[in-house]
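Participant: here is my input; please provide its structure:
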Amino acid sequence: MSYFELSEFSFITSSEKEIRQFVILINNGDIREPEINSKLDPIKERNDYTEEEAIDIIQNITIATSDVPYERTDFQAPAGEALLHLAKFINIEGSINLKLLYCSYKYLFDNEIDENGNIQYHFSGISNKEIYPDFLQRTYYLNKKDKQLEIAVEIEGAYKYLLEYLKQQIIIIKMNMDVYYVGQANFSIITSKERGLLYDCETTEKSKWVYDSKFKIFIDQYFKKLFGEIERILHSLCNVWIFTTALGTTNNKVVFPKRTPTRVESMSPKDW
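Facilitator: Residues are numbered from 1 along each chain as shown. So this is what the prediction gives:
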């Protein structure tokens, strides 16, 4: 499709760009429940997927569910049913959560065995950062039985790899009571009382906004859960990185504040 045509859209064949265009229409209210169902029902009715096909479709749906608020049950509910159906074609042991997690793992990461027999992880080159929260949360909530499986151990290695990568990105600049810039700054959080928006600063497309309310937890709790020792890391960074970043001395792609923050040494996640 040279332009987006709803009648031709499919989670099976459409590109990621077209999936995001579909999401924009959903969020704008331009697509209603019957039209949503017409795109997801055929997925649930088919029963001959290969594992590779199922993985691709699961990731396409995950991209969409990541950008549509959880409160939009007209989309999230049938999308969840489609994911449950597709998980049947993932040929690993474990829960539905582990099977869906495995798909994100295969999508986001590559790995190789080094000379010492250890697994070395690296990113696959796919830039869909909106899938990171889904991957992190599914890994965080693996049940005890799943964690005993070899594939879960491998996935948890990728989880730790991603956390280490994200920890290296974390720089927070307090501009005022409402705005924080996070990560060098790959992500921004614009707070609205206890809620917030997670934004990919590497693009200006409005479709990249992701509502943090989907996690049903406050922003500081979100960081504590996903990044573990985030408070210690923030305290260690406050005196070194925040001030220099605010002055614009970093070479990273950062949205700089209009003014240099004062008393950065006193900033704490508890001040959020």
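Participant: where along the stretch 1-150 of the chain do the helices fall?
Facilitator: With DSSP state H, counting those that start in this stretch as the criterion, the stretch 1-150 of the chain has helices at 16-27, 33-45, 51-67, 73-87, 96-108, 132-140, 144-147, 150-169.
Participant: buried stuff in the second one?
Facilitator: Using 16 or more other CB atoms under 10 Å as the test for burial, helix 33-45 gives Glu35, Ile36, Lys39, Leu40, Ile43. Every residue, glycine included, has its C-beta placed from N, CA and C.
Participant: residue contacts, the residue nearest to Glu93 when sequence neighbours are not counted?
Facilitator: The spatially closest residue to Glu93, leaving aside those adjacent along the chain, is Leu149, at 5.7 Å (CB to CB, 6 or more residues apart in numbering). Leu149 is in contact with Ile92, Glu93, Gly94, Leu98, counting by CB atoms under 8 Å, 6 or more residues apart in numbering.
Participant: inside strands: which ones of those?
Facilitator: Per DSSP state E, strands hold no members of those.
Participant: quick check: of those, which lies closest to Ala82?
Facilitator: Leu98 (17.9 Å; CB to CB).
Participant: how much space separates the closest one from Asp56?
Facilitator: With distances taken as CB to CB, to the nearest Å, Leu98 is found 18 Å from Asp56.
Participant: so between these two, which is more surrounded?
Facilitator: More neighbours surround Leu98 than the other of Leu98 and Asp56, with 25 against 19 (other CB atoms under 10 Å).
Participant: for the residue lying closest to the more buried one once chain neighbours are set aside, give its distance to Ile24.
Facilitator: Leaving out its chain neighbours, the residue that sits closest to Leu98 by CB to CB, 6+ apart is Asp146, at 4.6 Å. Asp146 sits 35 Å away from Ile24, going by CB to CB.
Participant: all set now, cheers.
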